[in-house]
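Visitor: here is my input; please provide its structure:
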Amino acid sequence: MNATTNLEKVNLKLRGMSCAACASSIESAIRSVPGVTECNVNFGVEQAAVKYDSRQTNIREIQEAVENAGYSAYSLQEQEMVTGEDDTEKLARKAESRDLLSKIMVGGIISIILIIGSLPMMTGLELPLIPAWLHNPWLQLILTTPVQFWCGYRFYIGAWKAFKGHAATMDTLIALGTSAAYFYSLFATIFPNFFINQGLMPEVYYETAAVVITLILLGRWFENRAKGQTSAAIRQLIGLQARNARVIREGREIDVPISQVQIGDTILVRPGEKIPVDGEIISGSSTIDEAMVTGESIPVTKQPGDEVIGATINKTGSFKFKATRVGKDTLLAQIVKLVQDAQGSKAPIQRLADQVTGWFVPIVIAIAIATFVLWLILMGNVSLALINTVGVLIIACPCALGLATPTSVMVGTGKAAENGILIKDAASLELAHKIQTIVLDKTGTITQGKPTVTNYTTVRVMKHGLDVKLLRLVAAVERNSEHPLAEAIVSYAQSQNIDLPEARQFKAIAGSGVQAIVSERLVQIGTQRWMSELKIETIALQEQQDLWSADGKTVVLIAVDGELEGIMAIADAIKLASPEAVRALRKLDLEVAMLTGDHQKTARAIARQVGIVRVEAEVRPEQKAAKIKELQQEGKIVAMVGDGINDAPALAQADVGIAIGTGTDIAIAASDITLISGELQGIVTAIELSKATIANIRQNLFFAFIYNILGIPIAAGILFPFFGWLLNPILAGGAMAFSSVSVVTNALRLRKFRVSRSYVERLQ
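Guide: All right, here's what the predicted structure looks like:
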């Protein structure tokens, strides 16, 4: 048996992380488990995506490795987030916010009292309005202790967990920094003569410890809220689904919870109601608003035989449909799962930040020690050395580095899902903006994928340009045929609301056409060759016939009682938005090519209509991947767009595979990006969103790196020899607390991303 058949994947929700260094520790712990082949821990969404060999390990052993590292983990599958039955994460986030707020309030009140009492020492001024007893070190000790050990309890726990896991995290830095200030002050309070005997003032820094802890907790609270907003897309998607369904069982209409709907159930949907699950209309018709799932703003008309999507909204008529997919198999559930996976993945651009984060805390501790030693040697002042050391420990922030990429990816993939674009992972999102060549399949991608009547004229054209009487005869005959072209003709007639009479003596002539008696008239529909064999003169419409044939369309001629009456052109019609999408792609300086198995004449006709120059026609399915490889060998980053089973190898070969969501499951599985609506405009949106997301990530990384590159040296006192400036640890704590908040807030700007208007919208 191939070893890959034993590989399984699990998404774990993590608890107890405080910074990106924690994520690095958990990742190392999981990777050390025998049988784990791949692990990506995402600090932004607090998840671990793990692939493992089920013969060597299991989920429980992986969870134990996380627990041994000082954290906790549980399977997202256990949480059932897709159905929204148990929103554990939301409850945990609320509980976390309540706990933080209570400690912020206590710490804030005490910090204000301590700052007021310390103002004379901090400013060097006599402030008679501030009572002297507020500066009493014993009072400050009593006030600071609950802040240090109750409000700051989480930092000690986090530092201890990291220590047990042979690591150092943000909690380590905060615990070391605030403890240094607190215990130094405690020593000065109990043994003031030790400092006096050395000619030093026994200064205390209780306010530093208290204010820093309070500010960092406040930063965590803001960060907690902001991170909750980045995952809003998942909650919105889950909230789209209906809660109940009106099922017809044993001739009665009964309302049942959506979880009780079974495949094959007949469900009634009235105007204004949400469609509960995926299915196929069996009676009735309506227009349905699918914008919340596909991103398309125009309601879609649905008839018997058409598919409907769960969570979309029925606008006008009532209809009954048969449930075909329920529970985790519905399109909405699959969208939620794909978005979850994408938000939990890592973008390649994050590698540098991960490498820095792995060494960040130990380096900061080394810098802090060096700062203390240098200040003590150069200035001989232990208080000054301590304050600068505390500043270094407090201002350093690996959180900003850890959040820079995943928060932007979360918002970007969520925004894509809102617009009907499913992005499989962060790597695909990052690569999309580098695409140089877009290769489009023809059938079902540029075109609708089914024959459609595109042109119709008669020898005696009626006043309004449509000979309804002749069309009525033609459709009546074709209704008896199973040929795809016949289906197109009947559908065209039905769109004109024509009642069809009965046809008798129907006969199909292989390779030529069909004929029947309708309303006592002989109607014959077929090829030019057959008409010639029947001695029917066709010169009257020859010019029109040649023109349509040159466009790669199939032309059928119509004769009634032995005389030519009209002609029709049938083709796989181009999607309305395809020409506009191709123009938009070319405006992005992308090379657009077509790859199809159709013959040269038809392929070039379609390419000409949508504005594509490079065409590869008559390409067999097994050759498509090779054609993509040839383009890649030219040094180009290639995206393949397709919808069929025969496109799957090419989609997999391409740097970015883009599947049309209306296509086959195999094509979608082989792709990196799925356009649910099936419209090519989604490619433009995906590329624009990729550019916006990568720009946002680069901004975040720049701010995170610059913050630490500048902040740590300033805290260490590098400006003192030049300007006499020293950074107060309180200011350092405030800067650190809000550094990660600023990164998340910048990522949230992506929620304002607006897609380019589609061709259809411009027509309105």
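Visitor: give the rounded mean pLDDT of stretch 307-322.
Guide: For stretch 307-322, mean pLDDT is 88.
Visitor: that one: which residues count as buried?
Guide: 308-315, 319-321 (16 or more other CB atoms under 10 Å). C-betas here are computed from N, CA, C, even on glycine.
Visitor: then stretch 435-450?
Guide: 435, 437-449.
Visitor: name the weakest-confidence residue in those, if you would.
Guide: Lowest pLDDT among these: Gly449, 77.
Visitor: quick one, phi/psi of it?
Guide: Main-chain torsions, Gly449, degrees, to the nearest 10: phi 90, psi 10.
Visitor: isn't it right next to Ala573, touching?
Guide: No. Counting by CB atoms under 8 Å, Ala573 is not a contact partner of Gly449; they are 9.5 Å apart.
Visitor: distance of the residue most central in space within the chain relative to Gln681?
Guide: Taking CA atoms, centre = their mean, the centroid of the chain lies closest to Thr413, which sits 1.8 Å from it. Separation of Thr413 from Gln681 (CB to CB, to the nearest Å): 19 Å.
Visitor: what do you get for Ile254?
Guide: In terms of CB to CB, Ile254 sits 41 Å off from Gln681.
Visitor: compare the two (neighbour count), which wins?
Guide: The residue with more neighbours, out of Ile254 and Gln681, is Gln681; 27 against 12, by other CB atoms under 10 Å.
Visitor: so that one touches Arg583, yeah?
Guide: No. In this structure, Gln681 is not within contact of Arg583 by CB under 8 Å, at 10.7 Å.
Visitor: re earlier: doesn't the residue nearest to the centre of the chain belong to a strand?
Guide: No. Assigned with DSSP: H, G, I helix; E, B strand; the rest coil, Thr413 falls outside any strand and is helix.
Visitor: quick one, what contacts Lys434?
Guide: Ile637 (CB atoms under 8 Å, 6 or more residues apart in numbering).
Visitor: separation between it and Thr172?
Guide: Distance of Lys434 to Thr172, given as CB to CB: 38 Å.
Visitor: and if you look at Leu215?
Guide: Counting by CB to CB, the gap from Leu215 to Thr172 is 18 Å.
Visitor: next one: Ile377
Guide: Taken as CB to CB, the span from Ile377 to Thr172 is 25 Å.
Visitor: the two: who's more crowded?
Guide: Thr172 (26 against 9).
Visitor: wait, doesn't that one sit right on Trp160?
Guide: No. With contact defined as CB under 8 Å, Thr172 does not reach Trp160; the gap is 9.3 Å.
Visitor: what is in contact with those two at once?
Guide: What both Thr172 and Trp160 touch, as defined by CB under 8 Å, 6+ apart, is an empty set.
Visitor: ok, Asp53 - how many residues close by?
Guide: 16.
Visitor: for Asp255, same thing?
Guide: Counted with other CB under 10 Å, Asp255 comes out at 9.
Visitor: check which helix or strand covers the closest residue to Ala747 other than its chain neighbours.
Guide: Leaving out its chain neighbours, the residue that sits closest to Ala747 by CB to CB, 6 or more residues apart in numbering is Thr407, at 3.8 Å. Per DSSP states H and E: Thr407 is located in helix 398-418.
Visitor: dump that helix to PDB, keeping only the CA atoms.
Guide: The C-alpha coordinates for helix 398-418 follow below in PDB (Å, rounded to 0.1, in the frame of the first residue of the first chain):
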ATOM      1  CA  PRO A 398       7.200  39.400  18.400                       C
ATOM      2  CA  CYS A 399       3.300  39.500  18.300                       C
ATOM      3  CA  ALA A 400       3.300  42.100  15.600                       C
ATOM      4  CA  LEU A 401       5.600  39.900  13.400                       C
ATOM      5  CA  GLY A 402       3.400  36.900  14.100                       C
ATOM      6  CA  LEU A 403       0.200  38.700  13.200                       C
ATOM      7  CA  ALA A 404       1.500  40.600  10.100                       C
ATOM      8  CA  THR A 405       0.700  37.900   7.600                       C
ATOM      9  CA  PRO A 406      -2.100  35.700   9.000                       C
ATOM     10  CA  THR A 407      -4.500  38.500   9.800                       C
ATOM     11  CA  SER A 408      -4.200  39.900   6.300                       C
ATOM     12  CA  VAL A 409      -4.700  36.400   4.900                       C
ATOM     13  CA  MET A 410      -7.800  35.900   7.100                       C
ATOM     14  CA  VAL A 411      -9.400  39.100   5.900                       C
ATOM     15  CA  GLY A 412      -8.400  38.600   2.300                       C
ATOM     16  CA  THR A 413      -9.800  35.000   2.000                       C
ATOM     17  CA  GLY A 414     -12.900  36.000   3.800                       C
ATOM     18  CA  LYS A 415     -13.400  39.000   1.500                       C
ATOM     19  CA  ALA A 416     -12.900  36.700  -1.500                       C
ATOM     20  CA  ALA A 417     -15.600  34.300  -0.200                       C
ATOM     21  CA  GLU A 418     -18.000  37.200   0.100                       C
END
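Visitor: show me where the stretch 601-750 of the chain has its helices.
Guide: Applying DSSP state H, counting those that start in this stretch to the stretch 601-750 of the chain gives helices spanning 621-633, 648-653, 665-670, 681-716, 720-723, 729-748.
Visitor: chain center to the fourth one, what's the gap?
Guide: Once both centres are worked out by CA atoms, centre = their mean, to the nearest Å, helix 681-716 turns out to sit 18 Å from its chain's centre.
Visitor: mind listing what's buried in that helix?
Guide: Of the residues in helix 681-716, those buried (16+ other CB under 10 Å) are 681-690, 692-694, 696-697, 699-701, 703-705, 707-708, 711-716.
Visitor: what packs against it?
Guide: helix 351-379, helix 382-395, helix 398-418, strand 421-423, helix 426-432, helix 578-587, strand 673-675, helix 729-748 (3 or more CB pairs under 8 Å, 6 or more residues apart in numbering; DSSP states H and E).
Visitor: helix/strand/coil for Arg504?
Guide: Assignment for Arg504 (three-state DSSP): strand.
Visitor: that one contacts Ser519, correct?
Guide: No. Contact between Arg504 and Ser519 fails when scored by CB under 8 Å: they sit 10.2 Å apart.
Visitor: ok, Leu429 to Asp306 distance?
Guide: Leu429 is 32 Å from Asp306, by CB to CB.
Visitor: those two: who's more crowded?
Guide: Leu429 (28 against 16).
Visitor: need the per-residue pLDDT for that one.
Guide: Reading off the model, Leu429 has pLDDT 86.
Visitor: use 368 as the first number from now on
Guide: Understood, numbering begins at 368; the last thing we discussed is Leu796.
Visitor: thought it was touching Lys782?
Guide: No. Taking CB under 8 Å as the definition, Leu796 is not a contact partner of Lys782, at 10.5 Å.
Visitor: any common contacting residues for those two?
Guide: Common contact partners of Leu796 and Lys782 (CB under 8 Å, 6+ apart): Leu1056.
Visitor: re earlier: and the helices and strands packed on helix 1048-1083 as a markdown table, adding distance to Val693?
Guide: Formatted as a markdown table, those follow (distance: least, CB to CB, whole Å):
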| stretch | distance to Val693 |
| --- | --- |
| helix 718-746 | 40 |
| helix 749-762 | 53 |
| helix 765-785 | 21 |
| strand 788-790 | 20 |
| helix 793-799 | 29 |
| helix 945-954 | 34 |
| strand 1040-1042 | 21 |
| helix 1096-1115 | 35 |
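Visitor: residue contacts, Ile1064?
Guide: 714, 716, 771-772, 775-776.
Visitor: let's see it at 10 Å
Guide: The contact partners of Ile1064, by CB atoms under 10 Å, 6 or more residues apart in numbering, come to 714, 716-717, 720, 771-776, 779, 793, 796-797, 1113-1114, 1117.
Visitor: pull stretch 1022-1029 out as CSV, backbone CA atoms only.
Guide: Output of stretch 1022-1029 as CSV, limited to C-alpha atoms (Å, rounded to 0.1, in the frame of the first residue of the first chain):
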residue,chain,number,x,y,z
ASP,A,1022,1.1,27.6,-11.0
VAL,A,1023,-2.4,28.7,-10.1
GLY,A,1024,-5.4,26.5,-11.1
ILE,A,1025,-8.7,28.4,-11.3
ALA,A,1026,-11.9,26.3,-11.6
ILE,A,1027,-15.3,27.5,-12.7
GLY,A,1028,-17.6,26.6,-9.8
THR,A,1029,-20.4,25.5,-12.1
